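sequence first, predicted coordinates after that:
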Amino acid sequence: MDIESMLKVMMETGRLDREKYQLKLGDAIDILAGAPGDTLVNVSNKVDSYRGYYEDLAIEPGESTAAELHEALTNVIDTELEGYKGGEYLMTVDTPLWKAYYGSTGDAIVDVDMTVPGELRFIFKNID
């Protein structure tokens, strides 16, 4: 097995591992679709390839509405995003999510709290 093939296997194994505890792109879209559009969300609607794992998706810190974030996440499905240091990475419904600014590492998005009326709060976990 050549080095490139070995690296791809290692990346895929890591991604499958992260999918066990992290919220995935498709799950977030489904959750947002069920919320009223004007529901406040505790992340922005700016998305990009995650600096820590280019094949994962980063959502920048900030605030948006469920409708804004739903649109941004839906639009990125089956799209190739450029990694921080190059390369193209396909975002799918199984892509793990992170809260991070472009070019920075951040916290894993692991769950959602919808107990406060009018708010949808993603729950973050530092994975260092």
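Perfect, I can see it now.

does residue 59 count as helix, strand or coil?
Following DSSP: H, G, I helix; E, B strand; the rest coil, the label given to residue 59 is strand.

wasn't residue 32 part of a strand?
No. Checked against three-state DSSP, residue 32 lies outside a strand; its state is helix.

spatially nearest residue to it (excluding sequence neighbours)?
residue 70 (3.9 Å; C-beta to C-beta, 6 or more residues apart in numbering). Heads up, the C-betas are built off the backbone N, CA and C, glycines and all.

again with residue 51
Going by C-beta to C-beta, 6+ apart, residue 51 has residue 84 as its nearest residue, at 4.9 Å.

quick one, what contacts the one you found?
49, 51, 54, 102, 103 (C-beta atoms under 8 Å, 6 or more residues apart in numbering).

out of those, which are inside strands?
residue 49 (DSSP state E).

was I right to think residue 58 contacts residue 44?
No. Here residue 58 does not reach residue 44: they are 10.5 Å apart, not a contact under C-beta atoms under 8 Å.

the more surrounded of these two?
residue 58 (28 against 17; other C-beta atoms under 10 Å).

that'll do, ta.
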